[in-house]
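Asks: pasted the sequence and its predicted model underneath.
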Amino acid sequence: MKNISKKIYLALIILFLYLPIFVLIVASFNDSKILGNWDGFTLNWYRELFDNASIMNALKTTLILALLASIIATVLGTLACLTISKMKKSTRTIIMSITNIPMLNAEIVTALAFMLLFVGLGISLSFSTVLIAHVTFCIPYVVLNVMPKVSQMDNNMYEAALDLGATPFQAFYKVTIPEIMPGVLSGFLMSFTMSLDDFIITHFTRGSGIDTLSTKIYTSVRKGIQPEMYALSTILFVTVFVLLFLVNYGPSTKAKKSVTTFVFKSKMRVAMVTAVVLIFGVVGYFALKDDKNYIGDLYVYNWGEYIDPEVIELFEEETGYKVHYEEFETNEEMYAIIAKGARSYDVICPSDYMVEKMIQNELLAEIDYSNVPNLQYIGEQYMTSAEGFDPGNKYCVPYTWGTVGIMYNKTMVDDEVNSWSILFDEKYEGQILMQASVRDAYCVALSYLGYSINTLDEDELKEATDLLISQKPIVQAYVIDQVRDKMIKNAAALAVIYSGEAIYMQEENPNLEYVVPDEGSNVWIDGWVIPKDCQNKEAAEAWINFMCDPEIALMNFEYITYSTPNEASRELIEDEAIRNSQIAFPDDAVLSRCHVYNYLGKEGDELYDYYWTMVGGASSE
Amino acid sequence: MNKARRKNALLASPYIVWIAAFIIIPLLFIGYYGFTDREGNFTWENITTIVRPEYYNALGLSLLLAVISTVICLLLAYPLAYILRNMNMSKQGFIVFVFILPMWMNFLLRTYAWQAILDINGVLDHFLAMFGITDFNIINTPAAIVIGMVYDFLPFMVLPIYNVLVKIDDNVINAARDLGANFWQTLFKIILPLSKPGIASGIIMVFVPALTTFVISDILGGGKLLLIGNLVENKVKADNLNLGAGLSLVLMIFIIINMLFSNGDDTDVNTVKKEVKK
């Protein structure tokens, strides 16, 4: 009886641990891109995985990083154990306490400490900075495993070897090493696993062009993780699982020894075989794949899911530049990275007010338009609007534009939607998705209250803040691009969103409708700029020119569905309903009530951040 | 002798340089940024920001959720480790692996999977609907965050406790039984005291990450619940490194308390042996 309850308990815990893994494995065979929304069986993601250069690159970086970090950490850590053990007790205690700091400290503090070290010393973030950070947090795990072996070791053995005529090196090699090897290996294994799974420290210390699987997942998630990622994870997981199974139930099992040696041995075998399989697999893959010759590198920093991936390939083929493509989620996040000089990019796609801020802070280089002949295709009215934040059109070439409005589900909302007021209606408690970015959240509140979306008046801001705080209990979540999946899944009734998402979402769920409220809203332009510390301006200009090509702009429009300022490209849109869509290309009546964001200055930014943190910290009950 | 010592110091030097450069100096940088403003002038402001309600509320909520998660982990892990200890030998290695294996699937992906499970119209909703249960929503609540924390950190509680429990000699337990102790007496008088070092390491391994996470609250809290980790991350994102560093210094106070707690309880195996001899 008792045994049964024990087994049930064990089974429940295992269910709890493996339920999410099961969900992910199912997702890898799911035709729908949305996690948890079954749409039929497919093997496509497995097929497409190997063609997905960004995921395969992230895998390569992750494995190389984990391997290098754990090797260096193992060597340093083992050396440390051998020498520290011979020191005075007081010195030993101090060194050991310092060694353990990264293990006991919060990851976010360690991560920030590394970031401040590198930024403070003016070292720009790169692969080496991540590697240093990884080695440092892996060392304690090596020491943890090796130290007990070193203390257990009988020093007389080593002395005896010397007495019998061995050189110190021979004695070390023949006596000491075999003695401590089990500890060294399990330290190595633990480091490898830790490095592989790390997110926070990598997130804070990585340089441009460096994505591990973790950072790739984190930046891609807002727009929905690429299902290829589930396929890759399933392959990794199943490989380890099968190896484990073979090791434990295979014919060579000689269990019945002590548990620790048994666990240790199987661990080692799994680790070794996995590492070998993975590394050979990946290296082999790249040996076959990576045989192109590029004439130079181009580092692109763009919004998440903001380009047709095929366009990148076409650009590489046409110009011969190797594109390192990275994504950001908010203007503010991008600005922090550029302003600190933490990472450098050649071409970036910020929004209007951020372009203005970057110009004022002298972060941008003027574009040489003789290298961008395709500029002629961009509609004149957009260049004129762009003068609002880029006087003289010196720094920025418009890429996309749109409005901010309300997306709602016709089956879930029976009121007429034409005012922001509906977002404050308690009737829709738990059904509302708000934007998580400062300016857009304040755009909603300020427009509703009838104030300018660029106000710096403290009373008006306070009023808007109180309004947002009072709204908090009825908001389901503050999100950015996740709006898409949630609205398509019918998980919410109303959402604040950019017009560009609307066309795609309506295709997926015809019950959705988009409105720009009567009180007015924001109209925005995102455009390409070249930062001052750009390493390859020629390539950057070639990129901008390529983006202005009508055919290319059309590909992007069809993929991302954000309105294009490219007039020639709009003429190419085949579907008349879309070419004349009021959502994608609203008429002047709508546009006349929409305003652009202006850069508010440093004090203005801090003021908004101050009030926005108050909204964030307010109770949601 | 002196020569040997000098040689030893020479061999140790790369390591000492490494930890000085990459453990001590970065922490000094946190201190420097935490006590200065953007212009580099000394200020207390980054530290005292914590008394603003939106900040101490976040800290309070983080402490509360971290304590709850740690307690739940302990309550789930202890019986589990005990059951695992008593299982037949040849399966033991495999079963310990069962708890490490999930770590080979990226932790962000696993947390997103929880989001898909708990979400409105999510996997759990579809499952419950079969039993006629609707309107069960815990996504974007503290409960969802606690589930995420317990899920992610449970193995860190199970493994140290398990490691201590397997080292307890069966004879000690049998002796207690022979001397007339019942199951509960054996548990509270013998097994529990002997497993204290494992429990202590487990608490340390769970409490700090739970206190300082920003990923789990981000994914499962819907941006509605700010934890102290989210604030640090937000400040770094908003390019306010000084405030981020100041908040980290506040966090470190709690981490140091936790470290002292760990040192107070000797986690050395020798203690176990000593106690067994008593």
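Replies: Here it is on my side, so go on.

Asks: residue contacts, B:L63?
Replies: The contact partners of B:L63, taken as Cβ atoms under 8 Å, 6 or more residues apart in numbering or on different chains, are B:L211, B:F254. In short, each C-beta sits where N, CA and C put it, glycine included.

Asks: endpoint to endpoint, stretch A:382-394 covers what distance?
Replies: 14 Å (Cα to Cα, to the nearest Å).

Asks: contacts for it?
Replies: For stretch A:382-394, the external contacting residues (Cβ under 8 Å, 6+ apart) are A:352-353, A:355-356, A:359, A:366-367, A:396, A:398, A:401, A:523, A:525, A:527, A:565, A:596, A:598-599.

Asks: quick one: which of these sit in strands?
Replies: With strands defined by DSSP state E, the entries of those inside them are A:P398, A:W401, A:V523, A:I525, A:G527.

Asks: farthest-separated two in those residues?
Replies: A:V523 and A:G527 (13.6 Å; Cβ to Cβ).

Asks: higher neighbour count, those two?
Replies: In terms of neighbours (other Cβ atoms under 10 Å in any protein chain shown), A:G527 is the more surrounded of A:V523 and A:G527; the figures are 27 against 22.

Asks: and the gap between the more buried one and chain B?
Replies: Distance from A:G527 to chain B, counting by Cβ to the nearest Cβ, to the nearest Å: 21 Å.

Asks: make sure that residue is actually in contact with A:C349.
Replies: Yes - using Cβ atoms under 8 Å, A:G527 is in contact with A:C349, at 6.8 Å.

Asks: out of the contacts of stretch A:382-394, which are buried?
Replies: A:352-353, A:355-356, A:359, A:367, A:396, A:398, A:401, A:523, A:525, A:527, A:565, A:596, A:598-599 (16 or more other Cβ atoms under 10 Å in any protein chain shown).

Asks: so in the chain, where's the weakest helix or strand by average pLDDT?
Replies: You didn't say which chain, so I picked chain A. Every helix and strand of chain A was ranked by mean pLDDT, DSSP states H and E. The lowest is helix A:259-289, at a mean of 60.

Asks: spell out for me which residue occupies the centre of chain B.
Replies: B:V206 (1.7 Å; Cα atoms, centre = their mean).

Asks: what strand or helix carries that residue?
Replies: helix B:196-212 (DSSP states H and E).

Asks: low-confidence ranges, chain A, go.
Replies: Residues of chain A that meet the criterion pLDDT under 70 lie in A:1, A:221-224, A:247-292, A:481, A:621.

Asks: shaky segments in chain B?
Replies: Low-confidence segments of chain B, defined by pLDDT under 70: B:1, B:88-96, B:262-278.

Asks: got the contact list for the residue in chain B that chain A sits nearest to?
Replies: As assessed by Cβ to the nearest Cβ, chain A sits closest to B:E54 within chain B, at 2.4 Å. By Cβ under 8 Å, 6+ apart, the contact list for B:E54 reads A:T613, A:M614, A:G616, A:G617, A:A618, B:L226.
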